[in-house]
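Q: Fold the stuff below for me.
(one chain, ligands or ions: 1)
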Amino acid sequence: MAEQDETFRSGFACFVGRPNAGKSTLTNALVGSKVVITSSKPQTTRTVVRGIVHRPDAQLVLVDTPGLHKPRTLLGERLNDLVKTTWAEVDVVAVCFPADEKPGPGDRFIVNELGKVRRTVKIAVATKTDKVSPDQLAEHLLAIAELGRETGTDWAEIVPVSAQSGDQVDLLADLLVARLPEGPALYPDGELSDAPEEAIVAELIREAALEGVRDELPHSIAVVVEEMGLKEDRPADKPLLYIHANLYVERDSQKGIIIGHKGSRLKEVGMAARKQIEAILGTPAYLDLRVKIAKDWQRDPRQLRKLGF
Ligand SMILES: Nc1nc2c(ncn2[C@@H]2O[C@H](COP(=O)(O)OP(=O)(O)OP(=O)(O)O)[C@@H](O)[C@H]2O)c(=O)[nH]1
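A: You can find the predicted model right below:
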């Protein structure tokens with residue numbers, strides 16, 4: 001009997017490519033009707049969740065990064081550093097090369113920079129394949145492979161797709177999902193439009209806190225983001241997002257589980273949550289996490305309101 005693979009995967013991918021490469025259209029094609037655009041304040045976030053692909057076997061979160069530019073100023077350089085930080089934190093980066101245009105210097109620059117981010121899986125996507133003949137497409141795929149060789153970039157896959165006709169879009173989804181780590185869904189299923197960033201941050205902290213202790217603390221945990229904003233004393237090119245969040249449990253014993261020996265577990269929770277938050281919001285973050293006891297909050301309407309339920 002064939003064994004069924006019941007692994008659930010979740011993680012982050014981003015599309016990069018020169019302007020007009022077809023990134024947005026492809027995102028929409030992958031996400032389908034379930035488009036989720038989280039509202040975000042441009043001054044606090046540099047990465048935006050563009051869409052979430054919900055599948056029975058996986059959740060793929062597509063994030064946006066600002067365009068990478070040839071740096072002409074120090075600020076430009078710092079911005080590019082931020083892009084690279086995001087690239088390093090997502091699980092897979094897909095570079096889009098429109099099939100109706102030859103890869104050029106702009107593409108080379110992006111691929112070169114991406115090549116410096118060693119760990120992240122890179123996939124090349126030949127977009128807009130409906131616009132070219134099979135021969136032209138073959139030539140295009142060879143040019144992408146060649147660009148990979150010249151820049152020392154190891155393409156995990158080279159996939160031709162047409163977001164317009166839908167051709168190979170499912171295959172691309174499969175290939176992206178295959179590169180995600182095993183893990184639970186990061187967002188609730190279904191519509192999540194305009195989820196405020198605070199709610200996303202709270203959910204990520206909650207997930208991190210429950211990791212590994214789900215049996216001991218089934219639902220007795222709530223997270224409230226008390227304060228969140230860019231620190232004002234930072235230079236514009238070195239933003240730091242300050243987040244103060246309270247983690248509420250019901251009992252003293254639960255507090256002990258969350259905090260761990262000499263605070264070791266809480267430290268891990270904070271680090272794991274911070275990494276996810278930074279990957280989603282694209283800004284380095286400082287997370288001030290405190291554990292509090294809200295006795296029997298699950299049964300107390302006043303407490304529940306305070307906790308945002
Ligand atoms: N024929 C065809 N056109 C496409 C396809 N994908 C995108 N386009 C068109 O190409 C143009 C650019 O597509 P976008 O998805 O906006 O490209 P983008 O990379 O997000 O562009 P920027 O936001 O400028 O970076 C639009 O006019 C799309 O309609 C495709 O698969 N086939």
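Q: those strands in the stretch 1-150 of the chain, which residues are they?
A: Counting by DSSP state E, counting those that start in this stretch, the stretch 1-150 of the chain has strands at residues 9-16, 48-55, 58-64, 92-98, 121-127.
Q: Centre of the chain to the fourth one, how far?
A: The gap between the average C-alpha position of strand 92-98 and the chain average comes to 15 Å, counting by CA atoms, centre = their mean, to the nearest Å.
Q: So which elements touch it?
A: Helices and strands in packing contact with strand 92-98 are listed as strand 9-16, helix 105-115, strand 121-127, helix 134-151, helix 169-178; criterion 3 or more CB pairs under 8 Å, 6 or more residues apart in numbering; DSSP states H and E. All C-beta atoms are positioned from the backbone trio N, CA, C, and that covers glycine.
Q: and the first one, is it in reach of the ligand?
A: So the one you mean is strand 9-16. No - using CB under 6 Å from any ligand atom, strand 9-16 stays clear of the ligand, with a minimum separation of 7.5 Å.
Q: Do me a favour and average the pLDDT over that strand.
A: Averaging the model's pLDDT scores along strand 9-16 yields 91.
Q: Would you indicate which residues of it are buried?
A: Of the residues in strand 9-16, those with enough neighbours to count as buried (16 or more other CB atoms under 10 Å) are 9-16.
Q: now the second one
A: Neighbour counts over helix 105-115 (16+ other CB under 10 Å) mark 106-107, 110-111, 113-114 as buried.
Q: same check, this time on stretch 20-33
A: 21-23, 26-27, 29-31.
Q: What average pLDDT does that stretch get?
A: In this model, stretch 20-33 carries a mean pLDDT of 82.
Q: Is the ligand within reach of it?
A: Yes - legend: contact between stretch 20-33 and the ligand by CB under 6 Å from any ligand atom is shown at 20-25.
Q: and the residue of the stretch 101-250 of the chain found nearest the ligand, helix, strand or coil?
A: Proximity of the stretch 101-250 of the chain to the ligand (CB to the nearest ligand atom) peaks at Gln164, 3.4 Å away. Reducing the assignment at Gln164 to three states with DSSP: H, G, I helix; E, B strand; the rest coil gives coil.
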